[in-house]
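Enquirer: let me see the structure of the following:
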Amino acid sequence: IQIHALKAIEIQRATEMGVYKMTTRNLSRLTVLTAEDMNRIHDASVKVLEQTGMVFQSQKALDLLKKHGATIDGKRAFISRRMIEEALGECPKTFKWRALNENKSVDIGKGLLAQAGGGSVYIQDLDNGRRPGKLADFSNIQKLYQASDVIDIAGFSPIDPSDLDSKNKHLYMQYEILKNTDKPVHGHVCGGHQAAQMLDMIEIAFGEDNLMQNHHVMGLSINTISPLGFGEDQIDTLYEYAARNQIIIAAPMAIGGASAPLSHVGMTVLVNAEILAIIVLTQLINPGNPVFMAPSSSFADMRTGAYSSGIPDGMLHLISHIQLCRDYYQLPARVLCGSCDSKEVDAQAGYETMQNIMTAVMAGADLVAHVSGVLEGIMTISYEKMIIDEELVRRAKYYASRNIDVSEEALSVDVIKDVGPGGTFLTHQSVYDNCRGYLFTPSISDWLNFAEWQREGAHDVVARANKVFKERLAAAPESILDSEVLADLQAYIEKHKS
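Expert: Have a look, this model is predicted:
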């Protein structure tokens, strides 16, 4: 009784202070760090860069760092706290990622967005199984991104076309991206000269003067060679993007227990140090250049030493890093979270993918990446899983964005009184008024009863997804660009291919 009395007093005081005047509530973000913890992780990351340093496989990067105060020893750069703090001060907290279709442009840092995957080698479906991906598959995937109402950012390198030579594949990949989607475009690392050509091609597609001086139209994920290494191709590609004012996504992919410490916060310190080094170099090239902090790491399976994307510890690490991005640095957080270790589109693929997406969304990620069809620790893309993953992202977004109405009307006292003991709410006017749109509706899940499901053919979710992706491909336009722009892009490819 005493406890209830004290609670009543507490509620009364809260009401007088206005706490209960709000009529909606949202779920709280997942957090794990205190303010002191975040300070300590930042200081530890700075100490790593100041005392251990980072290897840069690029003389021009080393020269630029030295010019601005870094100490250089061979290829190792020791970056000072002052350089780090000045670079962080240059980073915009929000920015627009512009699309060919202006209605599909997105504001980064102002709400949850979803991005396709990159880095896979194989393509997979029910009809033909797992096989090396080809350019036709790459094109199909871009068409599915375009048709999706979940994927906000397209492009990237969802599969590496095995039927193209490495010297020219970037040209044909960029052509298929621009031909098949008018959403914001993510590029891929392919060396500085090739990156410049991909940027040239998107300028042709837009057809605007001074496009890149005024707009951010392509983003790029920059990976490191953990621990504390930065490769030449990555640096050269970063230079091209930053020099042209395009988005840099600082995305180390360390493996805890292998290329990073076997410690949740220890890996956060290492990965954060590498992200800060990328940010420093980016801001020295182009002060004010937009950046994402993009922790993309997980842990090794200690039984084999192999990378695991389905291990819960990877997401425990990322909760802390998302909090660091959002609350300490106040910069956009992009998180790799749609992968799994399963080789098939099965229950394991479902629960590992949902574990990862849900955790990232509830921790407050601004952009969830690799959330479209990824299997086998990123090695494979499944057409069917692309469709299924859309619903997983919808469910996670629903939890994160759904307002819970706590108004007097929502308490439903009068409705309960109207129905009374033993009655049914199904025919009450309040249900009629709200039955459409109030609750979540699935896009691929089956909620029929058993008899209805059998009458519909007794298809499982993978079979249903197989049908959906084929229907979307059949309905996709031949091109979203007009013939003149396509001709200009084809002429560019003919001129520049090796």
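Enquirer: which ones are touching residue 428?
Expert: If you count contacts by Cβ atoms under 8 Å, 6 or more residues apart in numbering, residue 428 has them with 415, 418-419. C-beta: built from backbone N, CA, C; applies to glycine.
Enquirer: show me where pLDDT drops low in the stretch 51-200 of the chain?
Expert: Along the stretch 51-200 of the chain, no part satisfies pLDDT under 70.
Enquirer: about what we covered before: dump the contacts of residue 428 to CSV, plus neighbour count.
Expert: Formatted as CSV, the contacts of residue 428 follow (neighbours: other Cβ atoms under 10 Å):
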residue, neighbour count
415, 15
418, 13
419, 17
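Enquirer: switch these over to TSV; also include distance to residue 123 and pLDDT.
Expert: Formatted as TSV, the contacts of residue 428 follow (distance: Cβ to Cβ, whole Å; pLDDT from 0 to 100):
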residue	distance to residue 123	pLDDT
415	52	97
418	56	97
419	53	98
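Enquirer: narrow those residues to those in strands?
Expert: The strands, defined by DSSP state E, take in nothing from the contacts of residue 428.
Enquirer: count of neighbours near residue 257?
Expert: 19 (other Cβ atoms under 10 Å).
Enquirer: residue 69 too?
Expert: Counted with other Cβ under 10 Å, residues neighbouring residue 69 total 12.
Enquirer: ok, it - contacts?
Expert: The neighbourhood of residue 69, defined by Cβ under 8 Å, 6+ apart, consists of 80, 82-83.
Enquirer: check which residues of the lengthiest helix in the chain are buried.
Expert: Across the chain, the longest stretch assigned as helix under DSSP state H is helix 264-285. Within helix 264-285, the residues that count as buried by 16 or more other Cβ atoms under 10 Å are 264-265, 267-285.
Enquirer: of all the contacts of residue 428, which comes closest to residue 94?
Expert: Nearest to residue 94 among these, counting by Cβ to Cβ, is residue 415 at 41.8 Å.
Enquirer: helices of the stretch 201-350 of the chain, start to end?
Expert: For the stretch 201-350 of the chain, the helices defined by DSSP state H, counting those that start in this stretch occupy 211-214, 232-243, 264-285, 312-323, 347-363.
Enquirer: got JSON lines for those, with distance to residue 375 too?
Expert: What follows is those, written out as JSON lines (distance: least, Cβ to Cβ, whole Å):
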{"stretch": "helix 211-214", "distance to residue 375": "35"}
{"stretch": "helix 232-243", "distance to residue 375": "25"}
{"stretch": "helix 264-285", "distance to residue 375": "24"}
{"stretch": "helix 312-323", "distance to residue 375": "16"}
{"stretch": "helix 347-363", "distance to residue 375": "6"}
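Enquirer: those helices: which one's closest to residue 220?
Expert: When the helices of the stretch 201-350 of the chain are compared by Cβ to Cβ, helix 232-243 sits nearest residue 220, at 4.9 Å.
Enquirer: now do that closest one and helix 264-285, the angle between them.
Expert: Interaxial angle, helix 232-243 versus helix 264-285 (axes from the mean of the first three to the mean of the last three Cα atoms, to 10 degrees): 50 degrees.
Enquirer: okay if I get the contacts of residue 428 as CSV plus distance to residue 211?
Expert: Converted to CSV, the contacts of residue 428 look like this (distance: Cβ to Cβ, whole Å):
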residue, distance to residue 211
415, 56
418, 61
419, 61
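Enquirer: show only the entries of those residues found in helices.
Expert: Judged by DSSP H, the contacts of residue 428 include 415, 418-419 as members of helices.
Enquirer: between those, which is closest to residue 181?
Expert: The nearest member of those to residue 181, counting by Cβ to Cβ, is residue 415 at 46.3 Å.
Enquirer: list the contacts for that closest one?
Expert: By Cβ under 8 Å, 6+ apart, the residues touching residue 415 are 425, 428, 430.
Enquirer: and if you look at residue 225?
Expert: With contact set as Cβ under 8 Å, 6+ apart, residue 225 has these partners: 55, 231.
Enquirer: that one and residue 308, how far apart?
Expert: Separation of residue 225 from residue 308 (Cβ to Cβ, to the nearest Å): 20 Å.
Enquirer: which of the contacts of residue 415 sits closest to residue 449?
Expert: residue 425 (20.3 Å).
Enquirer: my guess is that closest one meets residue 431, correct?
Expert: Yes. Between residue 425 and residue 431 a contact is recorded at 5.6 Å, counting by Cβ atoms under 8 Å.
Enquirer: counting contacts, what elements does the strand or helix carrying residue 492 pack onto?
Expert: In the assignment (DSSP states H and E), residue 492 maps to helix 483-496. If contacts are counted by 3 or more Cβ pairs under 8 Å, 6 or more residues apart in numbering; DSSP states H and E, helix 483-496 sits against helix 169-180, helix 192-206.
Enquirer: where does the prediction get shaky in the stretch 201-350 of the chain?
Expert: Checking the stretch 201-350 of the chain against pLDDT under 70 turns up nothing.
Enquirer: can you lay out the contacts of residue 415 as CSV showing secondary structure and distance to residue 88?
Expert: Compiled in CSV, the contacts of residue 415 are given as follows (DSSP: H, G, I helix; E, B strand; the rest coil; distance: Cβ to Cβ, whole Å):
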residue, secondary structure, distance to residue 88
425, coil, 54
428, coil, 55
430, helix, 51
